[in-house]
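[1] take this sequence and fold it.
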Amino acid sequence: MRKCIRCGGSMQEGCTVKVEGAGYGVVLSTEENKIFSGRVGKPKVAVCPQCGEVSIYLEDVDKLKNGA
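    Next comes the predicted model:
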């Protein structure tokens, strides 16, 4: 369970980021100028129902630890 960094409340996990007006998703990468290499995964989102704080995080950080 993620805790809100703003108010300390329990956050609702498992949300996603959607880009309006486009059919593309969001992917995090360690290499800014390369399209397909360095991908570390799709971001997850948690929202605090008490204060509205939004947290974007990676569920699997092993690719970062292994030098993606």
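[2] for the residue nearest the centre of the chain, which non-adjacent residue is spatially closest?
    Residue closest to the mean C-alpha point of the chain, counted by C-alpha atoms, centre = their mean, is Pro43 at 2.8 Å. In this structure, Pro43 finds its nearest non-sequential neighbour in Ile56, 4.9 Å apart by C-beta to C-beta, 6 or more residues apart in numbering. C-beta: built from backbone N, CA, C; applies to glycine.
[3] can you check Val17 too?
    Val26 (4.9 Å).
[4] Ser55 now?
    Using C-beta to C-beta, 6+ apart, the closest residue to Ser55 is Ala46 (4.5 Å).
[5] re the thing from before, pretty sure the residue nearest to Val17 contacts Gly41?
    No - judged on C-beta atoms under 8 Å, Val26 makes no contact with Gly41 at a distance of 10.3 Å.
[6] those two: who's more crowded?
    Using other C-beta atoms under 10 Å, the more surrounded residue of Val26 and Gly41 is Gly41, with 16 against 12.
[7] spit out the contact partners of the more buried one.
    The contact partners of Gly41, by C-beta atoms under 8 Å, 6 or more residues apart in numbering, come to Val27, Leu28, Leu58, Glu59, Asp60, Lys63.
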